[in-house]
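K.L.:
quick one: sequence plus predicted model below, questions after.
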Amino acid sequence: MNSDFERELERRIDRLIKVLPELPAPTSLSARVLRTIEQRIRVPWYRRDWHYWPVPLQLASLVVSLAMFGGLCFAGWQLQQMHGYDLLAQEFGSLLTSVGSIWNALLAVVGALVLVIKQLGTGILLGCLAALGLAWAMCLGIGTLCVRLAFVRR
């Protein structure tokens, strides 16, 4: 667009906006804002963020969380010392290996599809997209027809 026209348009809009009177706030706005602030203050400590909790409760929750984490670490260490841990680790490893090989196969198939699509001409790709669009439209139309026939009043 023309930059002179844009500047002139900006000046006109600015003048029109400055002439407009200020809109008064609704009378209930301040009451609603104050009520919302009071409701937030009256929320019990356990529903607030952790850093708003009383300090003794923060310390207690920190100690409990650290104890639970330590217990989890100890349980993991004890699990490694168990007799059946090696068998469990082997089973889990074989599961991950099979999942990894399936993933690699899927990546190979996707890579092959990408190569095939790159080798096809634009006309063939557009034709396939048009055929898919027509098939979708036909399915939509047939589905609409079936629904209308199902709900027709006799």
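P.N.:
Here it is on my side, so go on. Numbers count the residues shown, from 1 in each chain.

K.L.:
drop to CA atoms for contacts and neighbour counts, all remaining ones
P.N.:
Noted.

K.L.:
run through this protein and note the low-pLDDT ranges.
P.N.:
1, 154 (pLDDT under 70).

K.L.:
would you mind giving the domain segments of it?
P.N.:
As assigned by automatic domain parsing, the chain contains the domains 1-76, 120-154.

K.L.:
ok, then the element right after the longest helix seen in the chain?
P.N.:
Assignment by DSSP state H gives helix 85-119 as the longest helix of the chain. Once helix 85-119 ends, the next helix or strand along the chain (criterion: DSSP states H and E) is helix 122-150.

K.L.:
ok and that following helix relative to helix 85-119, angle-wise?
P.N.:
Angle of helix 122-150 versus helix 85-119, following axes from the mean of the first three to the mean of the last three C-alpha atoms, to 10 degrees, is 110 degrees.

K.L.:
before we move on, the earlier item: so which of the domains of the chain comes closest to residue 91?
P.N.:
Among those, the nearest to residue 91 by C-alpha to C-alpha is domain 1-76 (17.3 Å).
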